[in-house]
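[1] sequence unavailable; structure follows:
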């Protein structure tokens with residue numbers, strides 16, 4: 001439904017050029033976030049949500065939305081850690097991530113990030129909430 005709405009609105013607004021604008025906006029988040037999907041850092045639903053936003057509003061707005069969403073997600077993660085009053089957990093997760101990146105560089109192979117242990121530790125947030133808040137911030141900034 002989101003793809004159909006995006007294509008329809010772009011064609012209504014821009015005519016034949018709207019097809020190109022839709023495709024560019026729709027594909028931008030898929031191409032940028034595909035690596036993160038392979039690493040299991042983002043789910044397919046998160047990427048599809050960004051793709052629909054891109055199809056509806058274009059590549060520039062979806063790029064801003066992705067940046068704001070990542071920022072909001074980081075703030076949410078920090079607030080969750082502060083709420084749990086477990087600062088050691090923050091250092092442990094940062095150390096785990098640095099070890100993961102170092103391992104990928106050393107072995108020259110990209111392997112999936114260990115999300116199962118992160119889920120068990122409560123380190124996974126529902127990113128859709130961050131996408132929604134990032135989208136609201138983007139719309140406020142864009143239409144101001």
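    All right, it came through fine. Here the structure is a predicted model, which is why all the values come from computation and not from measurement.
[2] any buried residues in the top helix by length along the chain, and which?
    Across the chain, the helix with the greatest residue count (assigned by DSSP state H) is helix 59-84. For helix 59-84, burial by neighbour count (16 or more other CB atoms under 10 Å) applies to 59, 61-66, 68-69, 72-73, 76-77, 80-81. For the C-beta atoms, the positions are set from N, CA and C on the backbone; glycine is no exception.
[3] likewise stretch 50-59?
    50-59.
[4] from the chain's centroid, how far away is that stretch?
    Centroid separation for stretch 50-59 versus its chain: 13 Å, with CA atoms, centre = their mean, to the nearest Å.
[5] show residues contacting that stretch.
    By CB atoms under 8 Å, 6 or more residues apart in numbering, the residues outside stretch 50-59 that reach it are 2-3, 5-7, 9-10, 21-22, 24-30, 33, 61-62, 65-66, 69, 131, 135.
[6] and of the buried residues of helix 59-84, the nearest to residue 40?
    Distances from residue 40 to these, taken as CB to CB, are shortest for residue 73 (15.5 Å).
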